[in-house]
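Enquirer: from the sequence below, what's the structure:
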Amino acid sequence: MSKFTEGVRTLTGGRGISQYSMIIALVVIIVLFDIITGGLTLDPTNVINMVQQYSYILILAIGMVMLIIAGHIDLSVGSVAAFVGIVVAQSMAVWHFPPALAMLLGLVTGALVGAWQGFWVAFVRVPAFIVTLAGMLIFRGLNQVIGSSTAVPTPDSYNWIGNGFLPDFGPDFGYSNPTLILGLIVLVALIWSEIRGRRKRIRMHAGVAPMWVTVVKIVILGGVTVFATYLFSTGRVGTSFPVVGIIAGVLILIYTFVTSNTVFGRHIYALGGNSSAAVLSGVKSRRVNFLLMVNMSVLAAVAGMVFIGNAQASGPFDGTNWELDAIAAVFVGGAAIFGGIGTVPGSIIGAFVMAFLSNGLSLMGIDSSWVSVIRGLVLVAAVAFDVYNKTQGRPSFIGFLFKGSGRKKPTTTEEAIEAQPQGIDKPLGDKVDERLPLS
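Expert: Numbers count the residues shown, from 1 in each chain. Next comes the predicted model:
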């Protein structure tokens with residue numbers, strides 16, 4: 001093994017560079033399109049517009065990956081987002097609700113929709129595929145009934161959440177001051193997190209990578225943060241970091257913590273990995289499934305509300321094919337179709353891959369029909385590559401973005417048999433022997 005190869009394996013924790021395929025693919029896509037379009041892809045205005053226009057994919061991908069990890073799928077998220085969007089828009093335009101009350105109504109509506117679908121999935125044990133397919137039809141129809149199949153405008157005071165920016169302040173240095181401060185906070189947090197993690201492993205007498213590995217990681221992550229800060233702080237006059245980007249970023253941090261550091265997160269992975277063993281271990285499968293469905297609909301409501309804020313109106317065709325965008329992001333990000341594997345960060349990377357791909361092709365003037373064809377091919381190629389890695393005994397890269405958040409690799413033949421997926425088309429309750437008491 002050459003010194004270069006040995007260094008790469010040390011930097012990647014002994015896994016090799018191929019495990020970071022989607023991260024590498026994202027970088028290649030961005031650089032390639034930036035060269036082809038003459039710098040338009042990484043133009044500050046374009047990057048800011050992308051965050052505002054594609055934020056709904058990021059938000060939906062967070063909830064979708066949690067469902068897919070647990071062995072479910074939700075086909076109704078686009079229709080639920082459109083339904084909540086028209087309810088919120090109608091409440092302000094017709095019922096004269098203030099924006100804050102209208103957004104609260106939207107969240108409550110999303111929670112009720114999730115409770116409705118969660119009841120059928122968790123307690124009646126109808127497969128989530130069927131329940132959400134019905135929901136896709138029901139809530140698309142309700143969207144058009146409430147809005148009379150017409151667009152309902154939203155007020156400027158509300159649109160700020162979709163197309164607004166952090167307010168500027170302080171002296172004019174030619175950059176957006178709030179964006180610079182935000183970038184500095186993120187940079188300090190990254191450095192602190194790496195150092196804190198290293199010290200924690202030392203205290204626990206766990207294996208610690210060489211110091212140069214930590215330094216290289218900090219330099220790479222810090223460089224990306226500084227570059228992103230520069231892009232967002234040098235946009236057109238009057239712009240800074242988008243408000244919707246703050247919303248998506250906060251949600252990503254919260255749900256990354258929930259899935260990787262909480263009991264509820266462990267239960268999601270346990271159900272997706274082996275539901276029978278999880279129930280026997282005390283996991284309350286009905287409660288987990290119900291909460292997952294409610295959570296997905298609430299996030300769909302958030303996506304719908306930020307979208308109509310950006311579009312400045314709620315229309316009858318909002319949310320069309322959003323479920324496909326979210327599912328594609330999750331699978332490109334490395335999640336397993338049968339559940340048990342996936343992370344929030346991996347799905348966000350997958351969402352960025354699909355977003356930059358669509359944006360780059362559009363900047364090149366490619367017809368929308370061909371854009372759809374290319375995106376489909378990329379989805380198949382990405383999943384095929386991930387499946388190939390797994391069949392060769394290599395875990396997906398998302399499995400160690402946050403080490404310990406997934407299932408433990410089977411070490412015996414019996415454990416490997418138990419770890420086999422149970423099937424996505426069956427509700428988790430059906431995977432359990434009928435003689436076992438359901439929680």
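Enquirer: where along the stretch 251-400 of the chain do the helices fall?
Expert: 263-273, 275-280, 285-311, 322-332, 344-363, 368-391 (DSSP state H, counting those that start in this stretch).
Enquirer: so which of the ones you listed is nearest Lys217?
Expert: helix 344-363 (14.5 Å; C-beta to C-beta). Placement of C-beta: from N, CA and C, glycine included.
Enquirer: which other helices and strands does the closest one contact?
Expert: Judged by 3 or more C-beta pairs under 8 Å, 6 or more residues apart in numbering; DSSP states H and E, helix 344-363 is in contact with helix 21-36, helix 44-69, helix 243-261, helix 322-332, helix 368-391.
Enquirer: among those helices, which comes closest to Met296?
Expert: Comparing those by C-beta to C-beta, helix 44-69 comes nearest, at 4.0 Å.
Enquirer: OK, contacts around Gly245?
Expert: Val51, Gln52, Ser55 (C-beta atoms under 8 Å, 6 or more residues apart in numbering).
Enquirer: looking at those, which has the most residues close by?
Expert: For these, the largest neighbour count, defined by other C-beta atoms under 10 Å, is 26 neighbours, found at Ser55.
Enquirer: model confidence score at it, please.
Expert: The score at Ser55 is 91. That number is its pLDDT.
Enquirer: again with the one 5 residues further on
Expert: Confidence per residue is given as pLDDT, and for Leu60 that number is 95.
Enquirer: chain neighbours aside, what residue packs nearest to it?
Expert: Ala326 (3.8 Å; C-beta to C-beta, 6 or more residues apart in numbering).
Enquirer: list the contacts of the one you found.
Expert: Here Ala326 is in contact with Ile57, Leu60, Ala61, Gly63, Met64, Val77, Ala351 (criterion: C-beta under 8 Å, 6+ apart).
Enquirer: tally up the residues packed near the fourth one, please.
Expert: Yep, that's Gly63 we're talking about. 29.
Enquirer: what of the fifth one?
Expert: The criterion is other C-beta under 10 Å. On that basis, Met64 has 30 neighbouring residues.
Enquirer: domain boundaries for this protein, per the record?
Expert: In terms of domains, the chain is parsed into 21-164+252-431, 167-241 (source: automatic domain parsing).
Enquirer: what mean pLDDT does the last one have?
Expert: Per-residue confidence for domain 167-241 averages out to 87 on the pLDDT scale.
Enquirer: measure that domain end to end?
Expert: For domain 167-241, the separation between the terminal residues is 9 Å (C-alpha to C-alpha, to the nearest Å).
Enquirer: ok now that domain, how far from the chain's centre?
Expert: On the basis of C-alpha atoms, centre = their mean, to the nearest Å, domain 167-241 is displaced by 21 Å from the centre of the chain it belongs to.
Enquirer: want to throw the helices and strands packed on helix 344-363 into CSV with distance to Val124?
Expert: Output for the helices and strands packed on helix 344-363, formatted as CSV (distance: least, C-beta to C-beta, whole Å):
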stretch, distance to Val124
helix 21-36, 37
helix 44-69, 17
helix 243-261, 26
helix 322-332, 22
helix 368-391, 31
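Enquirer: re earlier: any idea which of the domains of the chain is most buried?
Expert: Mean neighbour count (mean count of other C-beta atoms under 10 Å) peaks for domain 21-164+252-431 among the domains of the chain, with a mean of 20.
Enquirer: how about the contacts made by the residue nearest to Leu107 when sequence neighbours are not counted?
Expert: Spatial nearest neighbour of Leu107, chain neighbours left out: Ala301 (5.8 Å); criterion: C-beta to C-beta, 6+ apart. By C-beta under 8 Å, 6+ apart, the contact list for Ala301 reads Val80, Ala81, Val84, Gly106, Leu107, Thr109, Gly110, Ala111, Val113.
Enquirer: switch to 6 Å and redo it
Expert: By C-beta atoms under 6 Å, 6 or more residues apart in numbering, the contact set of Ala301 is Val84, Gly106, Leu107, Gly110.
Enquirer: go on, Gly249?
Expert: Neighbours of Gly249 in contact, by C-beta under 6 Å, 6+ apart: none.
Enquirer: quick check: the gap between Met136 and Val87.
Expert: 17 Å (C-beta to C-beta, to the nearest Å).
Enquirer: how about Val330?
Expert: Applying C-beta to C-beta to Val330 and Val87 gives a distance of 27 Å.
Enquirer: before we move on, what about Ala270?
Expert: 35 Å.
Enquirer: rewinding a little: any chance of TSV for the helices of the stretch 251-400 of the chain, columns distance to Gly174 and mean pLDDT?
Expert: Listed next are the helices of the stretch 251-400 of the chain as TSV, based on distance: least, C-beta to C-beta, whole Å; pLDDT from 0 to 100:
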stretch	distance to Gly174	mean pLDDT
helix 263-273	43	92
helix 275-280	55	87
helix 285-311	27	95
helix 322-332	35	91
helix 344-363	26	91
helix 368-391	36	79
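Enquirer: related to what we said a few turns ago, how about the contacts of Ala326, which pair is most distant?
Expert: Maximum distance among these (C-beta to C-beta): 13.5 Å, for Val77 and Ala351.
Enquirer: convert the strand or helix carrying Ala228 to CSV, retaining C-alpha atoms only.
Expert: Applying DSSP states H and E as the criterion places Ala228 in helix 211-233. The C-alpha coordinates for helix 211-233 follow below in CSV (Å, rounded to 0.1, in the frame of the first residue of the first chain):
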residue,chain,number,x,y,z
MET,A,211,-3.8,14.7,15.2
TRP,A,212,-3.1,15.6,11.6
VAL,A,213,-6.3,13.9,10.6
THR,A,214,-8.3,16.2,12.9
VAL,A,215,-6.4,19.2,11.6
VAL,A,216,-7.2,18.2,7.9
LYS,A,217,-10.9,17.7,8.7
ILE,A,218,-11.0,21.1,10.4
VAL,A,219,-9.3,22.7,7.4
ILE,A,220,-11.6,21.1,4.9
LEU,A,221,-14.8,21.8,6.8
GLY,A,222,-13.6,25.3,7.7
GLY,A,223,-12.7,26.0,4.1
VAL,A,224,-16.2,25.0,2.9
THR,A,225,-17.8,27.1,5.6
VAL,A,226,-15.6,30.2,4.7
PHE,A,227,-16.4,29.8,1.0
ALA,A,228,-20.1,29.4,1.5
THR,A,229,-20.0,32.5,3.8
TYR,A,230,-18.3,34.4,1.0
LEU,A,231,-20.9,33.4,-1.5
PHE,A,232,-23.9,34.3,0.6
SER,A,233,-22.4,37.6,1.8
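Enquirer: I'd like to know which elements it is packed against.
Expert: helix 177-203 (3 or more C-beta pairs under 6 Å, 6 or more residues apart in numbering; DSSP states H and E).
Enquirer: helix 211-233 and the helix it packs on, what's the angle between them?
Expert: Inter-element angle recorded for helix 177-203 and helix 211-233: 160 degrees (by axes from the mean of the first three to the mean of the last three C-alpha atoms, to 10 degrees).
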